[in-house]
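Chemist: With the sequence up front, the predicted model follows.
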Amino acid sequence: MTDIRTRQVEANGITFTIDEAGDSDDVMLFLHGFPESRRSWRRQLPFVAGRGWRAVAPDMRGYGDTSRPRGLGAYRLDNLTADVGALFDVLGARRRILVGHDWGGIVAWASAAQRVRPLDGLVIMNAPHPAAYSRLIRRSPRQMLRSWYVLFFQLPWLPEMATRAANARAVERAFVGPSGKSDAFSEEDLTVYRANALRPGAMTAMINYYRANVAALGAADRTLSRPIEAPTLLIWGEADPYLGADLTELNGPYVSDLSIQRLPGVSHWVQQEAAGEVNRRLGEWMALKHLTA
């Protein structure tokens, strides 16, 4: 198994801490979601490196060991997509595949739609295209109920207090509760996620992704509807309690080359809970699209 290295890079005015496997100029960049960290890709990085790509997973801005800029505006979607372009540049990427889960998936969709950098491939896990989400949330009371936490996160200070209480127990429940499969997360994994949430200013930075972008996501059908031309793989855990599997059916108009892989019985944390199956399907798609070294 390829070793994972940790180092820091400067990009877009932010100091990013990254985990990295492989040495190629072909870079697959992995973006995590809320309330995760670069650790959530620990089972994918060696797999991808074994297929000739350099696999890189940063703590996104505000998370973990990466810089936490102050102010709501620092977490707007345009800054998050600018981070993606700057990271590809500082990593010296010759070919680029962008991978995202949850909020990382939203940033990945937006980066691809905005052509932040040319992409050879796009992989999304349990994150709808923002325009598809915008369309569904307006007409689906069920999805609106699933997304209750988005409205909760608009409140001042209370979300931070609730998520940090009892040694950030709510963060642990976010991982273990939806799947009921505690074996997907070791005690060390959960300790890292809780510790990250308890860092000074961390929960505010993490929740600011929601606070800074509600309006942008609501208008996504107008601002992010440019068709994505890069081959795109959508992997979806169907037992996701936050995002209904019907969201997979609404992405077609925004992607020219879309492959969908649905995993029954797998929750929102798909790449951690079903790592072997996710890696297998990712590898098959890479071979099909001639994206192996």
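Modeler: The structure has been received and is ready for your questions.
Chemist: so where's the stretch 151-293 of the chain uncertain?
Modeler: By pLDDT under 70, the weakly predicted segments of the stretch 151-293 of the chain are 178-182, 220-221.
Chemist: Let me fix that, I meant to ask about the stretch 1-150 of the chain.
Modeler: Within the stretch 1-150 of the chain, the stretches with pLDDT under 70 are 1-2.
Chemist: where do the helices sit along it?
Modeler: For the stretch 1-150 of the chain, applying DSSP state H, counting those that start in this stretch gives helices covering 45-49, 77-90, 103-113, 130-139, 141-146, 148-152.
Chemist: which residues are contacting stretch 108-124?
Modeler: 31, 77, 80-82, 84-85, 88-89, 93, 95-101, 105, 127, 129-130, 224-226, 228, 230-235, 254, 282, 285-286, 289, 291 (Cβ atoms under 8 Å, 6 or more residues apart in numbering). Where C-beta positions appear, they are placed from N, C-alpha and C, glycine not excepted.
Chemist: repeat that for 6 Å
Modeler: 31, 77, 81, 84-85, 88, 95-100, 105, 129-130, 224, 226, 228, 230-234, 291 (Cβ atoms under 6 Å, 6 or more residues apart in numbering).
Chemist: Run a quick neighbour tally on the residue lying closest to F88 once chain neighbours are set aside.
Modeler: Closest residue to F88 apart from its sequence neighbours, by Cβ to Cβ, 6 or more residues apart in numbering: R117 at 5.0 Å. Neighbourhood size, R117 [other Cβ atoms under 10 Å]: 18.
Chemist: same deal with the one 5 residues further on?
Modeler: Here the number of neighbours of L122 (other Cβ under 10 Å) works out to 26.
Chemist: Equivalent analysis for R222, please.
Modeler: 9.
Chemist: That one in helix, strand or coil?
Modeler: Here R222 is recorded as helix under DSSP: H, G, I helix; E, B strand; the rest coil.
Chemist: N208 is in contact with R76, isn't it?
Modeler: No: contact criterion Cβ atoms under 6 Å: N208 and R76 do not qualify, at 9.2 Å.
Chemist: quick one: contacts for Y63?
Modeler: Going by Cβ under 6 Å, 6+ apart, Y63 touches S37.
Chemist: let's go with 8 Å and repeat that
Modeler: Contacts of Y63 by Cβ under 8 Å, 6+ apart are 32, 36-37, 196, 202, 205-206.
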